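S.K.: Return a 3D structure for these sequence lines:
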Amino acid sequence: MSEETTVTVELGKNEQAVVDAIEKLTVIEANNVAKYFEEKYGITAAAPVAVAAVAGGGDAAAAEEKSAFTVTLKDCGAKKIATIKVIREITGLGLGEAKALAEAGGTIKENVKKDEAEEMKTKFEEAGATVSLD
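M.R.: Take a look at the predicted model:
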């Protein structure tokens, strides 16, 4: 398995138009498109990882001791400006994108170590926001 195989996919005119449109989206917009596909069609990039994790251990204790978390903003709270500042600090997003994420909620960061995820959660809670670690 030391050799890598590169597969080249030829796209038709309509497919290339979709790819071009997606490349022009902001991070927030692309995230919303991904969530739409997850809800509508059950397509998710995380599915193979989840299947591998279940197949690897299958033990309830192992599932509780996760090493990577997804930090998700549930509510920005009454101090929206403070929440936006925390979003910008953690993600590096621009003001407009951070504001949109604060208002809509959603995934802040994925595959975060436990200590870092808890630190992020604390920062959001200090700003008056509600987050979950999944």
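S.K.: tell me which element F69 is part of?
M.R.: strand 68-75 (DSSP states H and E).
S.K.: Against which helices or strands is the very next helix or strand once past that strand packed?
M.R.: Going down the chain from strand 68-75, the next helix or strand is helix 80-91, by DSSP H and E. Packing contacts for helix 80-91, counted by 3 or more CB pairs under 8 Å, 6 or more residues apart in numbering; DSSP states H and E, involve strand 68-75, helix 95-104, strand 106-113, helix 114-126. C-betas here are computed from N, CA, C, even on glycine.
S.K.: so which of the ones you listed gets nearest I84?
M.R.: Minimum separation from I84 across the helices and strands packed on helix 80-91 (CB to CB) falls at helix 95-104, 4.8 Å.
S.K.: which residues make contact with the closest one from outside it?
M.R.: 26-28, 32, 73, 76, 80, 83-84, 87-88, 91, 93, 108, 129 (CB atoms under 8 Å, 6 or more residues apart in numbering).
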